[in-house]
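> could you work out the structure for the sequence below:
(2 chains)
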Amino acid sequence: MNAFTFKPDMPPPVKTVGAIAWMRANLFSNWLNTLLTLFALYLVWLIIPPVVQWTLIDANWVGTTRADCTKAGACWVFIQQRFDQFMYGYYPSEQRWRVDLTVAAAVFGAAPLFIKRFQRKALYGLCFLVTYPIIAYALLFGGVLGLQIVPTSQWGGLMLTLVIATVGIAGALPLGVLLALGRRSKMPAVKVVCVTFIEFWRGVPLITVLFMSSVMLPLFLPEGMSFDKLLRAMIGVILFQSAYIAEVVRGGLQAISRGQYEAAAAMGLGYWRSMGLVILPQALKLVIPGIVNTFIALFKDTSLVVIIGLFDLLNSVKQAAADPAWLGMATEGYVFAALVFWIFCFGMSHYSRGLERKLDTGHKR
Amino acid sequence: MQNISHASYKLSLSDPRFRALLFQVVTVVVVLAIGFYLLHNTQTNLQHRGITSGFDFLERSAGFGIAQHLIPYEEANSYARVFLIGLLNTLLVTFIGIVLATLLGFIIGVARLSPNWMINKLATVYVETFRNIPPLLQILFWYFAVFLTLPGPRGSINIEDMFFISNRGLNMPGASMTDGFWPFVVALVLALLAIVLMVRYANKRFETTGEPFHKFWVGLLLFIGIPGVSTLLFGNPVHWEVPQLEGFNFVGGWALIPELLALTLALTIYTAAFIAEIVRSGIRSVSHGQTEAARSLGLREGPTLRKVIIPQALRVIIPPLTSQYLNLAKNSSLAAGIGYPEMVSLFAGTVLNQTGQAIEVIAITMSVYLAISISISLLMNSYNKRIALIER
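Numbering: from 1, shown residues only, chains lettered A, B, ... in the order given. Below is the predicted model of the structure:
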């Protein structure tokens, strides 16, 4: 008698596995999808080859002057030659190590906050937030420890962009929290003041705010007192941004259930202590992604200081592209600036989405 | 709680109501004090600098040319007229931008939900690229790196001998009014009125008898028919004029200046990226059960989308969409970077520099933007209220 042996399994039909199955499901599932796929391929074919040709294949990479750009593509020599200006503006070149040191201090100072096993993050973070601005100011501006003073009119490039954005958010955060609390206050006078303030700043474009801070602020101050141009811009940015932060924080305050307020009151906590110890820690945690998004918006908005003549990254590029020695380099310059802005903004928005997932500990109902 | 507060009202800091009152009085006093302090400083500063305040300057003659004006303008016209031109130009950009960005945004948003992998990824790349680049940078890019580097009118890009794109902007066929124009407008208004009445009648009939009515086809017939009759009777409402190259420039037709093109293009592309995300999350927020329920009721694909998915998605979409429209209106002020003659660059820029009336000019500019913001949000809020979920 023959022993019964199983026949080996047949392989699955070719159409249902691997790349072919995936393509059938995702690209050619019906005639409309096939049409769309072909359309998308056409678009890609239209866009990608010329761009690659211009940025990489036909590009000029080596040289020192415009005359070295002989090929038809992009002239990256321009970016190489002006890179320092794009990063530091007119900051004296022998002093630029101070800017590098400030950035390094920020990176190493903030690093422990991202280490999971590091204890006492809150305490460390607070100390860092208090000491870092002082260190950064001393390093960048100088005048202490024998450092040469570098007036803010010489600040520029990416460094200025980062300075305005960080100072803006650092100033706007506390003001915004106060405004949000004021808007939810039961006291009518306080509420009206806060609502008016918030709605006013949210209703006008940042450009008019910057215009206002540059032409009207000098009129508001007593005679003989004058502010630095950068400081005026910063005040404008802080006031403007605080209104947006206030709305984000208000969203967080509204998401906290009534029970928390009542529980805090039942514990005998007064207004400030119940807010500071119970409500705000929960509310702020909820709105961290929103705050990061506001920061991204602020970071993009810093480019508007072009209008009042500060030399941030964008204005440095614009200035360099207008240089007669490098005529016709506008495209390269703007592409470079766009890339820098994109890396920062995309990085932050990626981080914010990650945070959102991490912080989502089931508070939402 | 209530009993206690009724019992006593003490003028001491331990009474919460007294504390609240005191705190509010202090707030108001501080705010007023700051206000008066600033006002006082401003007045002394103005006196010392010899600037007379007031709005008299609006009457004076401006004396400079403007690249684009929707209403007739000469150099001898007053600053008030300049203001009006700036305002109209701002509104023009805002309107075109909102319409185009909404269209593009909805298309990209739907594409991001497409099961087709290619379309989906293309839309994602679009959104991630354009929303992470500052709008001002995009405007400058389109203006300096694209439009200004195009060839002049003689070497312009020619599309069907009708549209010409050059470094002077876009020249396209323009319409001018003929005798048949006003009858045509009247006919159009009549048609719209007839459609509204027809829809009302159809809805009423549907509610009472349950009999459907071909609203769409009858509406289309009315919309084409009544203006069509007017065209037959009174002749063509508009006369189309195609631009012709004469010498070094185009004559006839409509000319859109490159500043306007760069601005609308950049704002549309930037805002559409945000609108796409809003649309995507709005449609995703309608649970799949709704689709299944509609299908099990026997609705086909089209009506499911029109009557079930979209009305529910719109509820989620409208509020953030409103704030995007507001952002677009405010971002139109970025035109100052390329000198498109709108509110900020024309009025807060040129007029302020010429007259030196900083306070008045900035105050007018800011109130215009506040007014635009408030009217858009009122409009959208009323729409939102109408479609909002009525909870029982």
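> please, which helix or strand holds B:Gly302?
helix B:301-303 (DSSP states H and E).
> is chain A contacted by the very next helix or strand once past that helix?
Counting by DSSP H and E, the next helix or strand C-terminal to helix B:301-303 is helix B:310-331. Yes. Counting by C-beta under 8 Å from any C-beta of the partner chain, contacts between helix B:310-331 and chain A involve B:Lys330, B:Asn331. Heads up, the C-betas are built off the backbone N, CA and C, glycines and all.
> for helix B:310-331, which residues meet the burial criterion?
B:312-314, B:316-318, B:320-331 (16 or more other C-beta atoms under 10 Å in any protein chain shown).
> burial of A:Thr70, as a residue count?
8 (other C-beta atoms under 10 Å in any protein chain shown).
> surely it forms part of a helix?
No. A:Thr70 is assigned coil when assessed by DSSP: H, G, I helix; E, B strand; the rest coil, not a helix.
> disregarding residues adjacent in the polypeptide, which is nearest to it?
A:Asn60 (6.9 Å; C-beta to C-beta, 6 or more residues apart in numbering or on different chains).
> hmm, that neighbour is touching A:Gln81, no?
No. A:Asn60 sits out of contact with A:Gln81 when judged by C-beta atoms under 8 Å, with a separation of 11.7 Å.
> quick one, what contacts the residue lying closest to B:Phe130 once chain neighbours are set aside?
In this structure, B:Phe130 finds its nearest non-sequential neighbour in B:Ala273, 4.3 Å apart by C-beta to C-beta, 6+ apart. Shown in contact with B:Ala273 (C-beta atoms under 8 Å, 6 or more residues apart in numbering or on different chains): B:Gly105, B:Ile108, B:Tyr126, B:Val127, B:Thr129, B:Phe130, B:Arg131.
> picking that back up, the helix holding B:Gly302 vs chain A: in contact?
No. Judged by C-beta under 8 Å from any C-beta, helix B:301-303 makes no contact with chain A; its nearest approach is 11.9 Å.
> could I get the buried residue list for that helix?
So for helix B:301-303, nothing qualifies as buried (16+ other C-beta under 10 Å).
> so what touches that helix?
Here helix B:301-303 has contacts from B:Ala294, using C-beta under 8 Å, 6+ apart.
> mind giving me the domain split of chain B?
B:16-50, B:79-148+B:258-387 (automatic domain parsing).
> report the buried residues of the first one.
By 16+ other C-beta under 10 Å, the buried positions in domain B:16-50 come out as B:Ala20, B:Gln24, B:Thr27, B:Val31, B:Asn41, B:Thr42, B:Asn45.
> surely the last one touches A:Val215?
If I follow you right, that is B:Asn45. No. Using C-beta under 8 Å, B:Asn45 is not in contact with A:Val215; the gap is 11.9 Å.
> what about residue 95, how many residues nearby?
You didn't say which chain, so I picked chain A. 17.
> not quite, I wanted chain B
B:Phe95: 14 neighbours (other C-beta under 10 Å).
> the host helix or strand of it packs against which elements?
Per DSSP H and E, B:Phe95 falls inside helix B:79-112. Judged by 3 or more C-beta pairs under 8 Å, 6 or more residues apart in numbering or on different chains; DSSP states H and E, helix B:79-112 is in contact with helix B:117-130, helix B:258-284, helix B:310-331, helix B:358-387.
> change it to 7 Å
helix B:117-130, helix B:258-284, helix B:310-331 (3 or more C-beta pairs under 7 Å, 6 or more residues apart in numbering or on different chains; DSSP states H and E).
> switch those over to JSON lines; also include mean pLDDT.
Below are these laid out as JSON lines (pLDDT from 0 to 100):
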{"stretch": "helix B:117-130", "mean pLDDT": "91"}
{"stretch": "helix B:258-284", "mean pLDDT": "92"}
{"stretch": "helix B:310-331", "mean pLDDT": "86"}
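> B:Gly174: which of those is closest?
helix B:258-284 (14.7 Å; C-beta to C-beta).
> report whether stretch A:308-318 contacts chain B.
Yes. Contact of stretch A:308-318 with chain B (C-beta under 7 Å from any C-beta of the partner chain) involves A:Leu314, A:Lys318.
> what are the contacting residues of that stretch?
Contact with stretch A:308-318 is made by A:85-86, A:89-90, A:156-158, A:160-161, A:164, A:210, A:214, A:229-230, A:233, A:302-303, A:305-306, A:319, A:333-334, A:336-337, A:340, B:136-137, B:140, as judged by C-beta atoms under 7 Å, 6 or more residues apart in numbering or on different chains.
> of those residues, grab the buried ones for ChimeraX.
Here is the ChimeraX selection string for the buried members of the contacts of stretch A:308-318, based on 16+ other C-beta under 10 Å:
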select /A:85,86,89,156,157,158,160,161,164,210,214,229,230,233,302,303,305,306,319,333,334,336,337,340 /B:136,137,140
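> mind checking which of the contacts of stretch A:308-318 land in helices?
The members of the contacts of stretch A:308-318 that map onto helices under DSSP state H are A:85-86, A:157-158, A:160-161, A:164, A:210, A:214, A:229-230, A:233, A:319, A:333-334, A:336-337, A:340, B:136-137, B:140.
> and stretch B:262-269, how far out from the chain's middle?
Centroid separation for stretch B:262-269 versus its chain: 12 Å, with C-alpha atoms, centre = their mean, to the nearest Å.
> what of stretch B:301-310?
28 Å.
> repeat that for stretch A:136-156.
24 Å.
> show me which residues of the stretch 151-300 of chain A are close to chain B?
A:187, A:189-190, A:193, A:203-205, A:207-208, A:211-212, A:215-216, A:219-223, A:300.
> now restrict these to buried residues only.
A:187, A:189-190, A:193, A:203-205, A:207-208, A:211-212, A:215-216, A:219-221, A:300.
> three-state assignment of B:Phe250?
Strictly by three-state DSSP, B:Phe250 counts as strand.
> how close does A:Pro8 sit to chain B?
34 Å (C-beta to the nearest C-beta, to the nearest Å).
> return the backbone torsion pair for that residue.
phi -60, psi 150 (degrees, to the nearest 10).
> and stretch A:305-319, end to end?
Terminal residues of stretch A:305-319 lie 13 Å apart, using C-alpha to C-alpha, to the nearest Å.
> B:Gly105 is in contact with B:Ala272, isn't it?
Yes. Contact criterion C-beta atoms under 7 Å: B:Gly105 and B:Ala272 qualify, at 4.1 Å.
> give me the more crowded residue out of these two.
B:Ala272 (28 against 24).
> now stretch A:229-247, how far from the chain's geometric center?
Taking mean C-alpha positions (C-alpha atoms, centre = their mean), stretch A:229-247 and its chain are 15 Å apart.
> and it, what's buried?
For stretch A:229-247, the neighbour count (16+ other C-beta under 10 Å) marks A:229-230, A:232-247 as buried.
> check stretch B:189-199 too.
So, applying 16+ other C-beta under 10 Å, buried residues of stretch B:189-199: B:Ala191, B:Ala194, B:Ile195, B:Met198.
> hang on, the second one packs against B:Leu222?
I take that to be B:Ala194. Yes. Using C-beta under 7 Å, B:Ala194 is in contact with B:Leu222, at 4.9 Å.
> what's the overlap in contacts for these two?
Common neighbours of B:Ala194 and B:Leu222, using C-beta under 7 Å, 6+ apart, do not exist here.
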